[in-house]
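return a 3D structure for these sequence lines:
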Amino acid sequence: MRATTRAPKQSVTWLETGNAVMDLIWAVYPDRDVPHPFVPTRTAVIELLKQGVSHDDLVRAARNYRTHVAKEGTEPKYVIGPTRFYRDGIWQQFNVVTVRGRTREEWALSGQDVAEFDRLAEGL
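So this is what the prediction gives:
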């Protein structure tokens, strides 16, 4: 009889969590002219999750990067690969809460009530 080894329960949990977060990221990450590499990106995402980064932050960064790419008119061939985006910490500069396309600072500079921004941001 052949012995089988099973992955530790924790590994399966991280893998399942990583897969669930990747579904959310793929839904909002900007398109490229080449396929996204799933496994290396998932590995980078799982590492961030293990460090305590919220999956909401990772998804928000991808969504904001997609908005940035669209606003700048970035060609698909110049879109940063998702593995590099998460592995190299690029995601952090896009992890900014926005309401109606503006950051809290932009909201305040326009003379609007930041308490209203905070209230609206809570619902996101």
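
D56 versus the nearest residue to V28 once chain neighbours are set aside, what's the distance?
Among residues not flanking V28 along the chain, R63 sits closest, at 4.3 Å (Cβ to Cβ, 6 or more residues apart in numbering). Bear in mind the C-beta positions are built from the backbone N, C-alpha and C, glycine included. R63 sits 10 Å away from D56, taking Cβ to Cβ, to the nearest Å as the criterion.

related to what we said a few turns ago, just give me the neighbour total for the residue nearest to V28.
As a burial measure, R63 scores 19 neighbours (other Cβ atoms under 10 Å).

try R87
Per other Cβ under 10 Å, the neighbour tally for R87 reads 17.

was I right about it contacting A44?
Yes. Applying Cβ atoms under 8 Å, one finds R87 in contact with A44, separated by 4.1 Å.

tell me which element the residue nearest to V28 falls in.
Element membership of R63, judged by DSSP states H and E, is helix 55-72.
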